[in-house]
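# The amino acid sequence is not available; the structure is as follows:
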């Protein structure tokens, strides 16, 4: 089988599945289609890995003119659709942006597009393969999970319109667009898929059709449209620079050097920053949590925001060593630190996850913006580790929310007793986010080692040092909450569906396995990719890898020590409460002989790490930084 | 002769065997000196060993059996971190293992659902986030001077590291106060029984579990003082003197300064890391060409 066939397969299979899902009404059929196509997509992306990992960059020419015509046509229809929705909901900002974008597109098509010809429209290299694996495995697992979730969801929320056909259709279109995005070599095609992901996420965030959901979906749409306008501007700039259209060839553009590629690179990175929800655009991702949990999981782990960082990492070699690149990196670094601080003050589980995602995306962009070879390596590692752990965490929170009816961390006390399996999986997911020797710590460690030798690296090390200690705080207190053992609680997890469990088990397994095999992934995929671009590549020393693996094994052995402490073998006491602790639920007898209930709550430090204060600060700082980058860019153009 | 490959293993083994003895002695001397400062005679130097010995003779009551797991993990990863340090491993990896072990202690405290250990756990976390930036900056500083994160390289560097990292060293001493649970920063649990949250993070541990926590602390002392050694590694004699003076200063501070609230602790530690640490490293950054050829 040709690799080109695999690429087309990955774009078309989810699309065809989506078409079926849009029309199928029966639940059982829908589940079947979702599962079958998930398996198919997963297998094809693995085959792509096996066939393509040692091939380097492969370029493919596909009949571009007819496809481009179709894309233009679809984009126009979507623009009209968005315009209609914008007028219907009276969102003037959205209307202005979509008119601007459509206007640019039409003008481009009329005056410039005629002479443009890009020979190789599709390509695949190791980075694309990594992204394809993330989309093809994690993305589809989330879709499988969503089948069970949405059933429970609609049973709980009878007031909402059941539009599951559209919902699943959109999920799969989303996946198709993501595959298209990572395989496209023609920037016009990248832009097309870029816009599709924007619109899919807009529709999915607004799925509930409540006022909040609608507002938040329009917020996400406007911010991403703004990015889209910047992307379009980059394309127009390139088309004017070279009327033959050679510069629209992404792979070629990246080799042309800073003189030509810097302006479009910064514009596209601006689009990437809006999509990756860095400050000052972080509010759309936080608002997106109104969507059903599988949508959040998809947006945060394998699609949408990953499209944003994907494109920035692609342009990292162009950014490296430039002032503009440094500014973009500073936006990322600041976002990392501030979003980590803000996560401390949140008690809404999904919001904590959202801020953690924003923080990690910030870190990825910080790496890509500085753009040295070892930081590029770190950025790709971060993308992988983050996708796995974050998807697991979202799905766990979703399951808990469906069971206990709350996404407040304070309501998750004693989860280890009430839903032991889910709690342990959540625990592993969180460990994956901030504890050694799991993925995110490996990457942070590598990031410190890489920043040390990078220009202006000290600033980023400082941001990283403070930000990651905040990370330790908010994850640990959440962990502490779920493992605190309260008395007299009942197990409530029996009703959770089987397929949901299997998805969670696979993801939990992945969190651990990815840590074990990351040296392999690095040597087979990431290092050749980085080598290809920079001529040198990063490595973790062999001794360290051995120690990490020892640590992981040690960590896995530890739970077996529980076998020595069988129940009943040692006295189990009531916790110390100052007064006389009483049997039964959490009560103690205080002075005056009055029985009092104990309620424990975590620290949130609203005053020090409050969302309002910090986000105002971050928005103005990062907004200012972007403004400076814009002015520098104008200087270059003029 | 010890061969190249077994040298790290040998040092790790020495640490595992000797550190608890050394750490216990340090704790004993600490108590003695503290007592003298307060005009008391104080317990025998070997008192910590008697205490821990006695703890292991007692039964092991728990609030929940999972506490055993957390305490054991705390001890195991503390030993792991220290052994990695003394075998010459990567300093950053040592720091991450060290954080991991503390997280286990915190989790053990959370697990019991006692209000006292709960507040203790939250405060222990605050302590962790207070000192962590400075510790990472210390490692980065070592790298900037010696071009390596490996303890084995740092320790054999002929450069007097302290001369390049005076700010970092002072910063490290200040966060060391937090790590050694000395006043004014002994907010999560205290050596002295005068705390409003009883025994804080260790409230619901008793018997052998408490004993294991004590032993972990001994390992920790040796590791933390080992980091001071790195600053003076070019001359072992000065290193020993520096460690003695540093530890004496910690005891002195402990006995003369009243405990502060967490806000002040966090602010102090972060401001110190942000000024002394970053400024020191910033200066180094500009002088980097001259430092190590």
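Looks like it arrived, so ask away. Since the model is a prediction, treat every value here as computed from it, not as a measurement.

# After the helix or strand that residue A:251 is a member of, which helix or strand is next?
If you go by DSSP states H and E, residue A:251 is part of helix A:250-253. Using DSSP H and E, the helix or strand that follows helix A:250-253 in sequence is helix A:258-275.

# tell me how far the ends of stretch A:337-357 are from each other?
Terminal residues of stretch A:337-357 lie 12 Å apart, using CA to CA, to the nearest Å.

# ok, which stretches of the stretch 1-150 of chain B are helices?
Using DSSP state H, counting those that start in this stretch, the helices found in the stretch 1-150 of chain B span residues B:6-37, B:47-57, B:66-86, B:91-111, B:115-146.

# Around chain B, pick out the residues from the stretch 401-550 of chain A.
A:413-414, A:416, A:435-437, A:441, A:445, A:448-449, A:452, A:458, A:461-462, A:464-466, A:468-470, A:472-473, A:476-477, A:479-481, A:483-486, A:541, A:543-544, A:547-548 (CB under 8 Å from any CB of the partner chain). C-beta: built from backbone N, CA, C; applies to glycine.

# Is it possible to mark the buried ones in those residues?
With burial judged by 16 or more other CB atoms under 10 Å in any protein chain shown, the buried subset of these is A:413-414, A:416, A:435-437, A:441, A:445, A:448-449, A:452, A:458, A:461-462, A:464-466, A:468-470, A:472-473, A:476-477, A:479-481, A:483-486, A:543-544, A:547-548.

# my guess is residue A:249 contacts residue A:120, does it?
Yes. Contact criterion CB atoms under 8 Å: residue A:249 and residue A:120 qualify, at 6.4 Å.

# So for the closest residue to residue B:145 other than its chain neighbours, what pLDDT did the model give?
Nearest residue to residue B:145 in three dimensions, chain neighbours excluded: residue B:164, at 4.8 Å (CB to CB, 6 or more residues apart in numbering or on different chains). Looking at residue B:164, its pLDDT is 89.

# Ok, residue B:53 next?
Taking residue B:53 on its own, its pLDDT is 94.

# next one: residue B:224
With respect to pLDDT, residue B:224 has a value of 94.

# do residue B:97 as well
92.

# So the residue lying closest to it once chain neighbours are set aside versus residue A:439, what's the distance?
Leaving aside its chain neighbours, residue B:97 sits nearest to residue B:81 (3.8 Å; criterion: CB to CB, 6+ apart). Distance, residue B:81 to residue A:439, by CB to CB, to the nearest Å: 20 Å.

# helices or strands up against the helix or strand hosting residue A:47?
Per DSSP H and E: residue A:47 is located in helix A:27-52. If contacts are counted by 3 or more CB pairs under 8 Å, 6 or more residues apart in numbering or on different chains; DSSP states H and E, helix A:27-52 sits against helix A:3-23, helix A:126-133, helix A:140-156, helix A:164-183.

# And the contacts of the helix or strand just after it?
For helix A:27-52, the following helix or strand on the C-terminal side (DSSP H and E) is strand A:58-60. Residues outside strand A:58-60 that contact it (CB atoms under 8 Å, 6 or more residues apart in numbering or on different chains) are A:3, A:4, A:7, A:52, A:120, A:121, A:122, A:123, A:124, A:125, A:185, A:251.

# Could you check the angle the lowest-mean-pLDDT helix or strand in chain B makes with helix B:115-146?
Least confident helix or strand, chain B: helix B:278-291 with a mean of 77, by mean pLDDT, DSSP states H and E. If you take axes from the mean of the first three to the mean of the last three CA atoms, to 10 degrees, helix B:278-291 sits at 20 degrees to helix B:115-146.

# Buried ones in helix B:278-291, by neighbour count?
Result for helix B:278-291 [16+ other CB under 10 Å]: buried residues B:278, B:280, B:281, B:284, B:285.

# Pull up the residues of the stretch 101-250 of chain B that are close to chain A.
B:103, B:106-107, B:109-118, B:121-122, B:125-126, B:128-130, B:132-133, B:136-137, B:139-140, B:143-144, B:149, B:198, B:203-204.

# how near is the residue lying closest to residue B:83 once chain neighbours are set aside to residue B:19?
Nearest non-adjacent residue to residue B:83, counting by CB to CB, 6+ apart: residue B:12, 3.9 Å away. To residue B:19, residue B:12 is 10 Å away according to CB to CB.

# higher neighbour count, those two?
Shown here are residue B:12 and residue B:19; by other CB atoms under 10 Å in any protein chain shown, residue B:19 has more neighbours (23 against 20).

# still on that earlier bit, turn the helices of the stretch 1-150 of chain B into CSV, columns for distance to residue A:556.
Formatted as CSV, the helices of the stretch 1-150 of chain B follow (distance: least, CB to CB, whole Å):
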stretch, distance to residue A:556
helix B:6-37, 21
helix B:47-57, 27
helix B:66-86, 11
helix B:91-111, 13
helix B:115-146, 24
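
# quick revisit: how about the helices and strands packed on helix A:27-52, which one is nearest chain B?
Of all the helices and strands packed on helix A:27-52, the one in closest proximity to chain B, counting by CB to the nearest CB, is helix A:126-133 (24.6 Å).

# for that closest one, packing partners?
helix A:27-52, helix A:164-183, helix A:305-314, helix A:373-404, helix A:527-534.

# In CSV: these, plus mean pLDDT, distance to residue A:94 and mean neighbour count.
As requested, those are arranged in CSV below (pLDDT from 0 to 100; distance: least, CB to CB, whole Å; neighbours: other CB atoms under 10 Å in any protein chain shown):
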stretch, mean pLDDT, distance to residue A:94, mean neighbour count
helix A:27-52, 92, 31, 17
helix A:164-183, 93, 19, 25
helix A:305-314, 93, 19, 28
helix A:373-404, 91, 27, 26
helix A:527-534, 88, 38, 19
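
# and residue A:123, which of the three is it?
The assignment at residue A:123 comes out as strand when based on DSSP: H, G, I helix; E, B strand; the rest coil.

# what's across from it in the sheet?
Beta-bridge partners recorded for residue A:123 (DSSP bridges): residue A:59.

# State the distance from it to residue A:56.
Taking CB to CB as the measure, residue A:123 and residue A:56 are separated by 11 Å.

# Then residue B:274?
45 Å.

# now swap in residue A:315 and tell me
Applying CB to CB to residue A:315 and residue A:56 gives a distance of 20 Å.

# Please identify which of these two sits among more neighbours.
residue A:315 (25 against 13).

# isn't that one right next to residue A:270, touching?
No. At 10.9 Å, residue A:315 and residue A:270 do not qualify as touching, with contact defined as CB under 8 Å.

# Contact partners for the closest residue to residue B:144 other than its chain neighbours?
Nearest non-adjacent residue to residue B:144, counting by CB to CB, 6+ apart: residue B:284, 4.9 Å away. For residue B:284, the contact set (CB under 8 Å, 6+ apart) comprises B:141, B:144, B:145, B:164, B:165, B:291.

# Quick check: the second one vs residue A:205, distance?
So that's residue B:144. Relative to residue A:205, and taking CB to CB, residue B:144 is found at 45 Å.

# sorry, back to before: I'd like the helices and strands packed on helix A:126-133 as JSON lines, with distance to residue B:175 appended.
Shown next, in JSON lines, are the helices and strands packed on helix A:126-133 (distance: least, CB to CB, whole Å):
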{"stretch": "helix A:27-52", "distance to residue B:175": "45"}
{"stretch": "helix A:164-183", "distance to residue B:175": "44"}
{"stretch": "helix A:305-314", "distance to residue B:175": "34"}
{"stretch": "helix A:373-404", "distance to residue B:175": "26"}
{"stretch": "helix A:527-534", "distance to residue B:175": "36"}
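
# between the ones you listed, which one is nearest to residue B:54?
The closest of these to residue B:54 is helix A:373-404. By CB to CB, the value is 43.2 Å.

# Need the residues that contact whatever helix or strand comes next after that closest one.
Where DSSP H and E defines the elements, the next helix or strand beyond helix A:373-404 is helix A:415-418. For helix A:415-418, the surrounding residues in contact (CB under 8 Å, 6+ apart) are A:400, A:404, A:422-424, A:426-427, A:481-486, A:489-493, B:66.
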